[in-house]
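[1] Based on what follows, work out the 3D shape:
(2 chains)
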Number of protein chains: 2
Amino acid sequence: MTTQANTQDRKCTNGVDVTALFETIDAVKNDTGLAEFRFRASNQWIDAGHNRSTIQGFHGCRAEDTTRSEPFVFDADEPPVLLGQDAGANPVEYVLHALAACLTTTMAYHAAARGIEIEAIDSQPEGDLDLRGFLGLSDEVRKGYREIRVNFRVKSTASPSTLSELAKFSPVYDIVSNSLPVEVRVETY
Amino acid sequence: MTTQANTQDRKCTNGVDVTALFETIDAVKNDTGLAEFRFRASNQWIDAGHNRSTIQGFHGCRAEDTTRSEPFVFDADEPPVLLGQDAGANPVEYVLHALAACLTTTMAYHAAARGIEIEAIDSQPEGDLDLRGFLGLSDEVRKGYREIRVNFRVKSTASPSTLSELAKFSPVYDIVSNSLPVEVRVETY
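    Down below sits the predicted model:
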């Protein structure tokens, strides 16, 4: 969504090309269809708790993205205590990664847009899960996390409350903290 | 949470040690504290949209797990069109992986518990996201996915509706489709 400009004119904050960011915002204001993205993955079961996703293409800015020459490949499994063989992080751990990663990127981008410099960001997400939900042992226990906490340490002169507000523009924060329609369709053969 | 038994007595379906699964269920019924898990990650910002999570230990079954000799490490980044350098899948793509992985594992485990054999599972998750939410251009556009669809092809004699019901015991399906309290704490230095 960026347009080429003289590199001497470009402004960069927190590693983010702020000139390109504002060009993106202007482009979307003029043509909201550019903002429509469709992300996707492909997952294949291997055995028991072990499966593998490949992620490569996506649709955005009215075009199919072709910049990735190779797919990203992620294995999910369960630890032995949950009857797996630890061939990968488990799905609820991937959620913590996705959430911390998204809050971090969002904080860096939105701070850059406001001219707020950040030198370092570290975070520790953790989530509490009662296995009785997954096992179907209690209707009163939810299957997923009961609560997630994400503790950030940020090297910046901005206030903690400002940084927290900026981070909460995060798409994954929205996905996890609010409800979202998920349609599961199964076809057998 | 498994106890050792004569391997000749053990039953395995879909690669899942069903004997161990029922031992786990019995153990949790007798001591609900065994079901309390706390998963965690540690994320470090690198630059712009690039950051990295490490995932290793977790708490479960009243103990800290020590089975993983090395951490799992995942890089997140954004594609060039979103001002990154594609050093990793982006956070909302990781959500699709986590969701498909969890639905798949849950289908395999719960089918095993019911004696339903599955030969193959493939899925394609996809999600629609309007970037105007993240960019703060409209209060009416949510920041995360508007909708996610997961299409499964399963090789099994069980009905699609049964397999779909079993998959929906998935913790990540619960996390994504329902709301969840997420506490973000920021400390600066």
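
[2] How confident is the prediction for A:Ala5, by pLDDT?
    As predicted, A:Ala5 sits at a pLDDT of 50.

[3] meant to ask about A:Arg149
    98.

[4] can you confirm it is in a strand?
    Yes: counting by DSSP: H, G, I helix; E, B strand; the rest coil, A:Arg149 is part of a strand.

[5] Number of residues surrounding it?
    A total of 16 residues lie near A:Arg149 under the criterion other CB atoms under 10 Å in any protein chain shown. To be clear about C-beta, it is placed using only N, CA and C from the backbone, and glycine gets the same treatment.

[6] In three-state terms, how would the residue lying closest to it once chain neighbours are set aside be classified?
    With sequence-adjacent residues excluded and distances taken as CB to CB, 6 or more residues apart in numbering or on different chains, A:Arg149 is closest to B:Glu183, at 4.6 Å. Three-state call for B:Glu183 (three-state DSSP): strand.

[7] And for B:Glu183, the neighbour number?
    B:Glu183 has 10 nearby residues by other CB under 10 Å.

[8] Equivalent analysis for A:Tyr145, please.
    27.

[9] Skipping its backbone neighbours, what lies nearest A:Thr54 in space?
    A:Pro71 (4.3 Å).

[10] what does A:Glu126 give?
    Nearest to A:Glu126 is B:Arg40, by CB to CB, 6+ apart, at 3.9 Å.

[11] thinking again about what came up before, doesn't A:Tyr145 make contact with the residue nearest to A:Arg149?
    No: assessed by CB atoms under 8 Å, B:Glu183 is found out of contact with A:Tyr145, at 11.6 Å.

[12] hmm, back to that, how near is the residue nearest to A:Thr54 to B:Asp86?
    11 Å (CB to CB, to the nearest Å).

[13] These two - which one has more neighbours?
    Between A:Pro71 and B:Asp86, counted using other CB under 10 Å, B:Asp86 has the larger neighbour count: 21 against 14.

[14] Find me the pLDDT at the residue nearest to that one when sequence neighbours are not counted, would you?
    Nearest residue to B:Asp86, sequence neighbours excluded (CB to CB, 6+ apart): B:Pro79, at 5.2 Å. On pLDDT, B:Pro79 comes in at 97.

[15] cool, and the one 3 residues further on?
    As summarised for this prediction, B:Leu82 has a pLDDT of 97.

[16] Does it touch B:Gly49 like I think?
    Yes: B:Leu82 is in contact with B:Gly49 according to CB under 8 Å; the separation is 6.9 Å.

[17] Between these two, which has more neighbouring residues?
    Relative neighbour count places B:Gly49 above the other of B:Leu82 and B:Gly49, with 29 against 24, counting by other CB under 10 Å.

[18] partners of the longest strand seen in chain A in the sheet?
    Counting residues, the longest strand in chain A under DSSP state E turns out to be strand A:118-130. Paired neighbours of strand A:118-130 in the sheet (DSSP bridges): strand A:147-156 (antiparallel), strand B:36-40 (antiparallel), strand B:42-47 (antiparallel).

[19] then the helix or strand that the last one is followed by to PDB, C-alphas only?
    Downstream of strand B:42-47, the first helix or strand assigned by DSSP states H and E is strand B:50-55. These are the backbone C-alpha positions of strand B:50-55, laid out as PDB (Å, rounded to 0.1, in the frame of the first residue of the first chain):
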ATOM      1  CA  HIS B  50       9.100  -7.900  14.200                       C
ATOM      2  CA  ASN B  51       9.200  -9.600  17.600                       C
ATOM      3  CA  ARG B  52       9.900 -13.100  19.000                       C
ATOM      4  CA  SER B  53       8.300 -15.300  21.600                       C
ATOM      5  CA  THR B  54       9.900 -18.200  23.500                       C
ATOM      6  CA  ILE B  55       7.600 -20.800  25.100                       C
END
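
[20] Give me the sheet partners of strand B:50-55 and which way each runs.
    Sheet pairing for strand B:50-55, assigned by DSSP bridges, gives strand B:42-47 (antiparallel), strand B:72-76 (antiparallel).

[21] Can you say which of those is packed in most?
    strand B:72-76 (a mean of 21; mean count of other CB atoms under 10 Å in any protein chain shown).

[22] Would you pull up how far stretch A:166-184 lies from the middle of the chain?
    The chain centroid and the centroid of stretch A:166-184 are separated by 9 Å under CA atoms, centre = their mean, to the nearest Å.

[23] related to what we said a few turns ago, quick check, the residue nearest to A:Glu126 in contact with B:Gly57.
    Yes: under the criterion of CB under 8 Å, B:Arg40 makes contact with B:Gly57 at 7.2 Å.

[24] Looking at those two, which one has more neighbours?
    Legend: neighbour count by other CB under 10 Å for B:Arg40 and B:Gly57, higher for B:Arg40 (17 against 13).

[25] How confident was the prediction at that one?
    B:Arg40 is given a pLDDT of 98.

[26] where along chain A do the helices fall?
    For chain A, the helices defined by DSSP state H cover A:18-30, A:91-113, A:132-135, A:160-167, A:171-177.

[27] Show me where chain A dips below the pLDDT cut-off.
    A:1-8 (pLDDT under 70).

[28] which ones are touching A:Leu163?
    By CB atoms under 8 Å, 6 or more residues apart in numbering or on different chains, the contact set of A:Leu163 is A:Met107, A:Ala111, A:Ile116, A:Ile118, A:Phe152, A:Val154, A:Ser156, B:Val186, B:Thr188.
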